[in-house]
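J.: Task: produce atomic coordinates for the following.
(one chain, ligands or ions: 1)
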Amino acid sequence: MTEITAPKSPVTTEEFTDRIREQLKYAQGVTPEQATPADVYVASSLVVRHYLQDAWFKTQQDMVNGNTKAVGYLSAEFLMGKQLRNALLNAGMIDQFDAAVEGLGFKPQDVIDAEYEPALGNGGLGRLAACFIDSLASLGVPAFGYGIQYRYGIFKQEFDKDGKQIEKPEYWLANEEPWGHTDYNRSQRVNFGGKVVTRADGSKEWQPEWSVRAVPVDYMVPGYASGRVNTLRLWTAKSYDEFDLATFNKSDYLNAVKPKVKAEDISKILYPEDSTPQGKALRLEQQYFFVSASIHDAIRVFYPGQDKPDLTTFPDKITFQLNDTHPVIGIPELMRVLIDEYGYDWNTAWDITTRTFNYTCHTLLPEALEVWPAKLIGELLPRHLEIIKAINTNFLAELATKTRDKAKIDRMRIVTEGENPQVRMAYLATAGGSHVNGVAELHSELLKDVTLRDFSDIYPDKFTNVTNGVTPRRFIRLANPRLSALITEGLGTDRWLSDLELLKGLEPLAKDDEFVKKFAAVKQANKEDFAAYAKREYGFELDPNTMFNTMVKRLHEYKRQSLKILALIAKYADIKSGKVNVDDVLPRTVIFGAKAAPGYYLAKMTIQLINNVARVVNNDPDVKGKLNVYFPWNYNVRLAQHLIPATDLDEQISQAGKEASGTGNMKFALNGAMTVGTLDGANVEIRERVGAENFFLFGMTVDEVDKLYEEGYSPAKYYEADPRLKAAIDMVSDGTFSNGDRNTYAPLVADWLTKDWFMTLADFTAYTEIQSDIEALYRQPLEWNRKALLNVANSGYFSSDRSITDYLTRIWHTGPLA
Ligand SMILES: CCc1ccc([C@H](C)CC(=O)N[C@@H]2O[C@H](CO)[C@@H](O)[C@H](O)[C@H]2O)cc1
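T.: Predicted structure coming up:
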């Protein structure tokens, strides 16, 4: 008898149907007969919200009245994905929804498809935040996600006729958005500019030049089977003085609305960079805007109606997690609030502040660590610059009591010296918080040994690790219902959805050929589904009887999409030159998904190359369909949910020491794909847990990479040494993928041969050699699927529930509401 622990539906199909009808008629003014799938989507979403409301209130009350410390997750990005199906799952209403909607004459998928994906993030960091707030609610931990409700999310990617990326605005709020509740009565004033004056009593007063109204838009975050509903509070910027009538009457219309535009600009658009900060003033305005509003909101929530709250208890009420350096301005902001608004002395304020904040670093790229010019901070936030300088002075003084190494102290400056001082936000976060963590064991080691070495030498106890995770609700149960049913059948319970390490129970079944065949059948059915989806959405003709080999992630040189495309071209060259008999080639379909930051020139050229390799290879009769390349545009959470369950082989081929963790790697392993990868980020831990024999490892280790850097790396040497690499690069140069034009990719080829900072050429031979192991195993489907099943069985550790549990025990020291 299979144990079912999935949440019980609070509503019958009949009741659900009636509620949708009422909502359509009396709130949306349409009868079910007149309604469109979009109308029913809005109605259903509002009905689900209705049923989650009581649990939402109860969670709020228990959080404020209880003494369970809450978590405030401060993030500039939340890549949430579509909401309706996830809310239905976590509320136990999926079956009732499907039946009710069918009863009203609609296809559930058409209603689901009507939802616009809230794309309020770039990639890994934003999606991790979304997985984390799902796990916080599912574990019953009181929590707020705090961020920005950008009017325009990450751009919509399209490809022009030459295969170049073009960016289109992603106006996701074009239609009615039923999930967000705009709460004007709980707005906060956020100030900017102006100057600081010293009062007679020596205290400081900030006299800002302008201010905006931060209005909260609340999204419910229902937990899975926890009965708890947390809040994602995203701030939208409004102007206090919408319209300057006097200016208008002088028919200067543009200036009449200038204050409004200036204010609303703050939450207008998400910055599409995911590694190199642009250092734009508006970006700093965005960061201060949501952090200041969030800190004042937390004081309002936890000290209701108190104008003289005892804020020494603040760190016991809520602990703030800084999702990378983007919200770190929160540290001088809390200091300002405590000292200037509540009159605390510096040391008390500093004690409260350092006990309140913790910092998670998500990168190893030096250029991704934000550094703000002190001048810019001084103009926008003059009082904060004073406080940051004071923090820096006190910090250097404290260091002097801990080491006599002047050079070390100098390297640790939060504010650099010289005529153009810079504020290092990662250093401010490390000095101003209780804990610093990396997002995978290797990453956290490198943070201690390299990036923040001086800090870990002096404050070793601050440093810890929490390996990333992903939510099994969205990325297994919703994305892969077939595999979910098979897992529940195999384990005899569905409890794995809230206790993912139970997947270990599948290990013995890997020895059961019948079960392995069922598993293989699930994968095959998912591949057919994806082929149908790709046909419908992109017009692609995918053959589900080929190996589906996927590489989906942001386009960045360190992730080495270039290695994948060069190996692919080498295979094509082998076929074209007859060096390889096409009949011996294992049929493979390579699927790319990747957005490049709009200003990232080489990344965009790589996208163009991939699209043109696809155009040439897919239309070359010599290849006989043995090699197929597809690049579905606008990779997002929706596409990921369709593609990951249909993948046989996943690419995690970054240069060792560059990918902080990766989370796609976890999603693929949990959905029964094999991984080819380097010893980088969380690949190391995935391989450890699934078994080295169930992972295709290649490439240099971090130490070998460092050694090659020291020795001096000349990529041209590798070009000369490996004829397949030479043939591939020459094909990129000779116009094969650019209608004969030999200059199209010249900058890319020049970079590969003269710079190749992330050593694509150095790892090429090892990468192409591992392909024969991969193809040899794929020709034994039973063995391939046995190993793929063992990946599923041993990847339960990579649940974001486990990550959150680690944060609770190592950093936050709180837990579920009683
Ligand atoms: C200021 C520009 C900017 C914007 C975003 C970022 C993020 C930190 C980049 C990011 O998404 N990092 C990814 O975070 C994931 C979640 O921890 C990791 O799994 C990925 O390895 C890491 O690249 C850096 C710099």
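
J.: Could you give me the buried positions within stretch 776-791?
T.: Neighbour-count burial for stretch 776-791, counted by 16 or more other C-beta atoms under 10 Å, picks out 777-778, 781, 784-791. C-beta here means a position set from N, CA and C on the backbone, and glycine is covered the same way.

J.: Kindly indicate which of those lies nearest the ligand.
T.: N791 (18.4 Å; C-beta to the nearest ligand atom).

J.: For the residue in the stretch 1-150 of the chain positioned nearest to the ligand, give me its contacts.
T.: Per C-beta to the nearest ligand atom, G124 is where the stretch 1-150 of the chain lies closest to the ligand, at 2.8 Å. Contact analysis of G124 by C-beta atoms under 8 Å, 6 or more residues apart in numbering lists 274, 362, 553-554, 660-664.

J.: Show me what from the stretch 101-250 of the chain comes close to the ligand.
T.: Those residues of the stretch 101-250 of the chain that sit near the ligand, judged by C-beta under 6 Å from any ligand atom, are 122-125, 128.

J.: can you list these in a markdown table and add secondary structure and pLDDT?
T.: Listed next are those as a markdown table, based on DSSP: H, G, I helix; E, B strand; the rest coil; pLDDT from 0 to 100:
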| residue | secondary structure | pLDDT |
| --- | --- | --- |
| N122 | coil | 98 |
| G123 | coil | 98 |
| G124 | helix | 98 |
| L125 | helix | 98 |
| L128 | helix | 98 |
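
J.: For ChimeraX, what selects the buried ones among those?
T.: Filtering those down to the buried ones (16+ other C-beta under 10 Å) takes a single ChimeraX command:
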select :122,123,124,125,128
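
J.: for the ligand, what are the nearby residues on this structure?
T.: Checking the chain against the ligand by C-beta under 6 Å from any ligand atom, the hits are 122-125, 128, 273-275, 277, 324, 362-363, 368, 370, 439, 468, 659-663, 681.

J.: go with 5 Å
T.: For the chain, the contact set with the ligand under C-beta under 5 Å from any ligand atom comprises 123-125, 128, 273-274, 277, 324, 362-363, 368, 439, 659-663.

J.: on that earlier part again, right, and out of the residues of the stretch 101-250 of the chain next to the ligand, which lies closest to N628?
T.: N628 has its nearest neighbour among these in G123, at 25.7 Å by C-beta to C-beta.

J.: Pull the number of nearby residues for the residue in the stretch 401-550 of the chain that the ligand sits nearest to.
T.: In the stretch 401-550 of the chain, the residue that lies nearest the ligand is V439 (4.0 Å; C-beta to the nearest ligand atom). Using other C-beta atoms under 10 Å, V439 has 29 other residues around it.

J.: And for the one 10 residues further on?
T.: Each residue near D449 was counted by other C-beta under 10 Å, and the total is 11.

J.: Does F530 touch H642 like I think?
T.: Yes: F530 is in contact with H642 according to C-beta atoms under 8 Å; the separation is 5.7 Å.

J.: okay, those two: which has more neighbours?
T.: Using other C-beta under 10 Å as the criterion, F530 and H642 rank with F530 on top: 23 against 17.

J.: Does the more buried one belong to a helix, a strand or coil?
T.: Per DSSP: H, G, I helix; E, B strand; the rest coil, the secondary structure class of F530 is helix.

J.: pLDDT wise, what is it at?
T.: Looking at F530, its pLDDT reads 98.

J.: how about it, what does it touch?
T.: 542, 544, 548, 642-643, 645-646.

J.: Go again with 10 Å.
T.: 540, 542, 544, 548, 550, 591, 639, 642-647 (C-beta atoms under 10 Å, 6 or more residues apart in numbering).

J.: Let's see if you can find the most crowded of these.
T.: P645 (28 neighbours).

J.: thinking again about what came up before, in strands, which of the contacts of G124 fall?
T.: The subset of the contacts of G124 located in strands under the criterion DSSP state E is empty.

J.: Export those to a markdown table and append columns for pLDDT and neighbour count.
T.: Formatted as a markdown table, the contacts of G124 follow (pLDDT from 0 to 100; neighbours: other C-beta atoms under 10 Å):
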| residue | pLDDT | neighbour count |
| --- | --- | --- |
| D274 | 84 | 24 |
| H362 | 98 | 20 |
| K553 | 98 | 25 |
| R554 | 98 | 22 |
| A660 | 98 | 29 |
| S661 | 98 | 27 |
| G662 | 98 | 25 |
| T663 | 98 | 25 |
| G664 | 98 | 24 |
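
J.: With distance to L697 as added columns, please give those in JSON lines.
T.: Output for the contacts of G124, formatted as JSON lines (distance: C-beta to C-beta, whole Å):
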{"residue": "D274", "distance to L697": "26"}
{"residue": "H362", "distance to L697": "24"}
{"residue": "K553", "distance to L697": "19"}
{"residue": "R554", "distance to L697": "23"}
{"residue": "A660", "distance to L697": "19"}
{"residue": "S661", "distance to L697": "17"}
{"residue": "G662", "distance to L697": "15"}
{"residue": "T663", "distance to L697": "19"}
{"residue": "G664", "distance to L697": "17"}
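
J.: Distance check, L486 against L789.
T.: L486 is 10 Å from L789, where distance means C-beta to C-beta, to the nearest Å.

J.: Can you work out which residues contact both of the two?
T.: 506, 509, 515, 518-519, 672.

J.: Now do the strands in the stretch 501-650 of the chain.
T.: 547-552, 588-593, 627-630, 649-652 (DSSP state E, counting those that start in this stretch).

J.: Columns mean pLDDT on top of these, output as TSV?
T.: Shown next, in TSV, are the strands of the stretch 501-650 of the chain (pLDDT from 0 to 100):
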stretch	mean pLDDT
strand 547-552	98
strand 588-593	98
strand 627-630	98
strand 649-652	98
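
J.: Next, the buried residues of stretch 181-190.
T.: 187-188, 190.

J.: what do you get for stretch 186-206?
T.: 187-188, 190-192, 194, 196, 206.

J.: same thing with stretch 446-463?
T.: 446-448, 451-452, 454-456, 459, 462-463.

J.: In helices only, show me these.
T.: Counting by DSSP state H, the part of the buried residues of stretch 446-463 found in helices is 446, 454-456.

J.: for those residues, which one is nearest K406?
T.: D454 (12.1 Å).

J.: Around K408, how many other residues sit close by?
T.: Neighbours of K408 using other C-beta under 10 Å come to 16.

J.: Correct me if wrong: it contacts L396.
T.: No: counting by C-beta atoms under 10 Å, K408 stays clear of L396, with 11.0 Å between them.

J.: May I have stretch 110-119 as PDB, with CA atoms only?
T.: Taking Å, rounded to 0.1, in the frame of the first residue of the first chain, the C-alpha atoms of stretch 110-119 are listed here in PDB:
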ATOM      1  CA  ASP A 110      -4.300  26.200 -21.800                       C
ATOM      2  CA  VAL A 111      -5.100  27.900 -18.500                       C
ATOM      3  CA  ILE A 112      -1.600  27.200 -17.200                       C
ATOM      4  CA  ASP A 113      -0.100  28.500 -20.400                       C
ATOM      5  CA  ALA A 114      -1.900  31.900 -20.000                       C
ATOM      6  CA  GLU A 115       0.300  32.800 -17.100                       C
ATOM      7  CA  TYR A 116       3.200  35.100 -17.800                       C
ATOM      8  CA  GLU A 117       6.500  33.900 -16.200                       C
ATOM      9  CA  PRO A 118       7.700  36.500 -13.700                       C
ATOM     10  CA  ALA A 119      11.300  36.600 -14.900                       C
END
